[in-house]
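S.K.: Sequence first, then the predicted structure, then my questions.
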Number of protein chains: 2
Amino acid sequence: MERIAPNPKGRWIVGVDIGGTNVRAGLLDREGHVLADARAEARAMEGPAATLEQVAHVVSEAMEKGGARAEEVAGIGMGVAGRHDSAKGVCIFSPNFAGWVNVEITPAIERRFGLATYMLNDVKTATLGEHRFGAGRGKRHVVMITLGTGIGGGVISDGEIRLGSSEGFSEVGHHIVDMNGPECTCGSRGCWEAMAGRDAIIRRAVWKLQDGRPSLIAERSGCDLSQITPALIAQAAGEGDAVAREVLDETGTIVGVGLSNLIQLYNPEVVIVGGGIAAAGDLLLEPARQVVRTRAKMVPAETAEIVPAQLGDDAGIVGGSVLVLLHLEGRGPGRRPE
Amino acid sequence: MERIAPNPKGRWIVGVDIGGTNVRAGLLDREGHVLADARAEARAMEGPAATLEQVAHVVSEAMEKGGARAEEVAGIGMGVAGRHDSAKGVCIFSPNFAGWVNVEITPAIERRFGLATYMLNDVKTATLGEHRFGAGRGKRHVVMITLGTGIGGGVISDGEIRLGSSEGFSEVGHHIVDMNGPECTCGSRGCWEAMAGRDAIIRRAVWKLQDGRPSLIAERSGCDLSQITPALIAQAAGEGDAVAREVLDETGTIVGVGLSNLIQLYNPEVVIVGGGIAAAGDLLLEPARQVVRTRAKMVPAETAEIVPAQLGDDAGIVGGSVLVLLHLEGRGPGRRPE
C-alpha cells in the first residue's frame, strides 16, 4: 500500500496514546506543547475495530478543539501497548488488548484522515517524548522505565531509540534478576516485573496487612484488599504510613537491582523512571539509588543519574508528536536498512 | 595533539590484540585475512611503557614478515582489555594490567609508526571482527559474549557497535542474574560472571572432586586442584567424563539465564559465544539453549540463534582491522556527536 508522507508545512501534530483502558489524542505544536486533547474509553473488549473507531473519534475531537485543519497537521504519531511491526503499522501482539494479534493500525487511520500516521510501542514512544522534551533533554544515552502493571523500557543510544531486530529491544521487565525467584506471567521466573510490578507491590502490602499491622492502606481500601493499588500505597507512604513505606523500601530495593543491570548493559547518562508507582518519588527512588550505589560497580553508579519522568500522563502524546518530528527529519525509527 | 588520518590507499591493515599475558599483531588485507603475525609477552607487570614497547615490536615484526611498507598500511587497530576513552586513545582502567590507570596508548603508537592508530575494548573489537568476517556476517543486530576469566560483551545494534556514554555499554559480566547470589570481584553479588566465569567453573569441578568422584579432571591435573582450567574441563567433557559434563551442564544453565536476559534486552538476530570454555561447543551451548527456550519468552528464544564464534584466537586482530576499515569508511565507533 502507498503510504502518505508527513506534511513538512504542518504546524501541528497529533499525538495518540492507545492503552488498554483509554485512548487519548492531543493536538501539539512542534515544541511538545499540548494545545488541546480528547479522551475516550478504549472499548478493547469489543475488538480492534471498536478501539480504532474510538481513536478516530478522539483524533477528530482534539483537532476540532484546537481549531486545526487537516492541511495544517504534519502527521499523527501513536504509542500503542504491545509488540509491533511499526514499519507496516501492525500490532503483532498486545497483552493489553484481548485478542489483538496482527492488527493493522496505522494504515486505517492514515486513510481516514489523509495524514501520515506512525506508531511505536507505548513505552518507547514515551521515551522519545522524555528524550526531546522531558527529563532526557540534550542527552545522547537515555534509559527510561515505566513502573506500572508491568515494567516497560525504552533506550536511546547514540541519540536514537533502539528497536532491535523485531522491536523487542529493552524488554526490561522480563530480564531475570533472581534466577530462582517467583513465577512470572511470561512463563519464566524471577523476572524484574514479577518482583517489582504492580502485583508484586500489592502482594507485599497484603502480606503486611494480614499480619494485622495497622495502616492507612487498610483504612483507605475500606478493608477490602482487592481495592489496594500502587497509587494508594504511594499516597499512604507520602502521609508517613509505616507499612506503605516498608513496601516502597522493599520494592525500591528490587527496582535498584534492575537499574544496576540496565546501567551495566546500556551505560546511559540518565535513567528516567515513570509509571504509576513512580508518583511516590524519592520514597521509592532513594532506596533504589542506594542499591545502585552498592551494586553498580563495573559501570559505576555515578555515571548515570536516576530521575523521575517529567511529562507524566502526557508522555505518550508528546512522544507521539516526536515520532512524527523524527519522520519529518528523515530519521524515523523502525526504518529498514538501505 | 594532531591525529593522523587513515591512509585510504593502504592495501594492508595492522590488527593488534593486547591482553594481560600476550600482545599479538597481525598484518591483514581488507577482507580480514591474516597474512603474517607476531607475538610477544605483554610484560604487563613492568608497567605500560614495557607493554607498549612490546606492541611496537610485534607490529614491526608482523609488517616485516608480511613484507609491508608503512605507506602500504591503512592504519593500526587495537583491541585492549579494559575501559577506555577510545577517542583520546587512553586506557582509563584495566583490571588485566596491574597499575594501568589513564594510560595513553594510541598516540604513542601513532607517532612511532606515522600511521593512524585506533583502539577499543578487546571484546567490542572481537565483536567487530565476528560481525564483519565471522559468525555475525550480514546481520544488523548482534550480541557477542566471551566466556573467559570474566564474561565480556559486545553489541551491534542497527549495524553499529554501541559504546554507551562512557564506553561501558554491554558490561554483561556484571549484570546480576541472582540478586542473592555469591559475591563478585566487582563488589556486587550474583553477577553473571561470578556464577559462570572461570573461577565459578573451576569451583564447581573442585567441589565434585572433593566428594571423591573419579574423573579425568583429577588425573590430568596431576591431582593438583590448582592446575584445573576451564580448557581442561572442556577437554575431559569431550572425552565423556561425567564430572566434567556435569560442570558444563550446570555452567550452561547459568549461561542460559544470562543469554535469556540479553535477548530480552538487546533483541539480536544472533548471539555469538566465544572465549576459552566455548571450546566445549554444544556440551556447553546445548544446556544454555535449553534454558533460553524455557526462559526467553517475551522476546522469544526463536528470534535469536545462539552460535559459537568463528574467528577463534584471531578475533582480536581481525576486529582491529575492522576498526581501521570503519574509520576509513567514515563511521569509526567512539566518535563524538557533531
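M.R.: Nice, thanks for sending it over.
S.K.: use CA for all of it now, contacts and neighbours both
M.R.: OK.
S.K.: residues from the stretch 101-250 of chain A in reach of chain B?
M.R.: A:140-141, A:157-158, A:162-172, A:174-180, A:186-189 (CA under 8 Å from any CA of the partner chain).
S.K.: same thing but at 6 Å, please
M.R.: A:141, A:164-165, A:168-171, A:175-179, A:186, A:188 (CA under 6 Å from any CA of the partner chain).
S.K.: which of the residues you listed lies closest to A:G258?
M.R.: Lowest distance from A:G258 to these (CA to CA) belongs to A:V177, with 6.6 Å.
S.K.: quick one: that closest one from B:P6, how far?
M.R.: As for A:V177, its distance to B:P6 is 44 Å (criterion: CA to CA, to the nearest Å).
S.K.: With A:V291 instead?
M.R.: For A:V291 relative to B:P6 (CA to CA), the value is 45 Å.
S.K.: Now A:L163. Nearest residue, chain neighbours left out?
M.R.: Nearest non-adjacent residue to A:L163, counting by CA to CA, 6 or more residues apart in numbering or on different chains: A:F169, 4.9 Å away.
S.K.: That neighbour reaches B:N267, doesn't it?
M.R.: Yes. At 4.9 Å, A:F169 and B:N267 qualify as touching, with contact defined as CA atoms under 6 Å.
S.K.: between the two, who's got more neighbours?
M.R.: More crowded of A:F169 and B:N267, by other CA atoms under 10 Å in any protein chain shown: B:N267, with 30 against 24.
S.K.: Show the contacting residues for A:S165.
M.R.: By CA atoms under 6 Å, 6 or more residues apart in numbering or on different chains, the contact set of A:S165 is B:267-268.
S.K.: Pull the contacting residues for A:G75.
M.R.: If you count contacts by CA under 6 Å, 6+ apart, then A:G75 has A:6, A:13, A:115-117, A:324 around it.
S.K.: Now do the phi/psi pair for it.
M.R.: Dihedral angles of A:G75 (phi, psi; degrees, to the nearest 10) stand at phi 170, psi 180.
S.K.: Chain neighbours aside, what residue packs nearest to it?
M.R.: A:A116 (4.8 Å).
S.K.: Hmm, A:P8 and that neighbour touching each other?
M.R.: No. In this structure, A:A116 is not within contact of A:P8 by CA under 6 Å, at 10.8 Å.
S.K.: Can you check which residues contact both of these two?
M.R.: In contact with both A:A116 and A:P8: no residue, using CA under 6 Å, 6+ apart.
S.K.: With neighbour numbers in mind, choose between those two.
M.R.: A:A116 (22 against 14).
S.K.: can you tell me how far the spatially most central residue of chain A sits from A:G79?
M.R.: Residue closest to the mean C-alpha point of chain A, counted by CA atoms, centre = their mean, is A:V123 at 3.1 Å. Counting by CA to CA, the gap between A:V123 and A:G79 amounts to 7 Å.
S.K.: ok, back up a step: please tabulate the contacts of A:G75 in a markdown table, including the columns secondary structure.
M.R.: Output for the contacts of A:G75, formatted as a markdown table (DSSP: H, G, I helix; E, B strand; the rest coil):
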| residue | secondary structure |
| --- | --- |
| A:P6 | coil |
| A:I13 | strand |
| A:L115 | coil |
| A:A116 | coil |
| A:T117 | strand |
| A:V324 | helix |
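S.K.: just to revisit the earlier point, residues contacting the residue nearest to A:L163?
M.R.: Each residue near A:F169 by CA under 6 Å, 6+ apart is listed here: A:163, B:265-267.
S.K.: switch to 7 Å and redo it
M.R.: A:162-163, B:264-267 (CA atoms under 7 Å, 6 or more residues apart in numbering or on different chains).
S.K.: among these, which two are most distant?
M.R.: Once CA to CA is applied, these give A:R162 and B:Q264 as the farthest pair, at 12.8 Å.
S.K.: Show me which of the two is the more surrounded one.
M.R.: Set A:R162 next to B:Q264 and count neighbours by other CA under 10 Å: B:Q264 wins out with 27 against 22.
S.K.: does chain A sit close to the helix or strand containing that one?
M.R.: Assessed by DSSP states H and E, B:Q264 sits inside helix B:242-266. Yes. Judged by CA under 7 Å from any CA of the partner chain, helix B:242-266 and chain A are in contact via B:261, B:264-266.
S.K.: quick one: which of those residues is nearest B:S86?
M.R.: B:Y266 (23.1 Å).
S.K.: Can you pull out the low-pLDDT segments for chain A?
M.R.: Within chain A, the stretches with pLDDT under 70 are A:1, A:98-99, A:335-338.
S.K.: Can you show me the helices along it?
M.R.: A:48-66, A:106-113, A:122-133, A:192-196, A:198-210, A:216-220, A:230-238, A:242-266, A:282-295, A:315-328 (DSSP state H).
S.K.: For the residue of chain A most remote from its centre, give me its contacts.
M.R.: Most distant residue from the mean C-alpha position of chain A: A:G212, 35.3 Å away (CA atoms, centre = their mean). Under the criterion of CA under 7 Å, 6+ apart, A:G212 has no contact partners.
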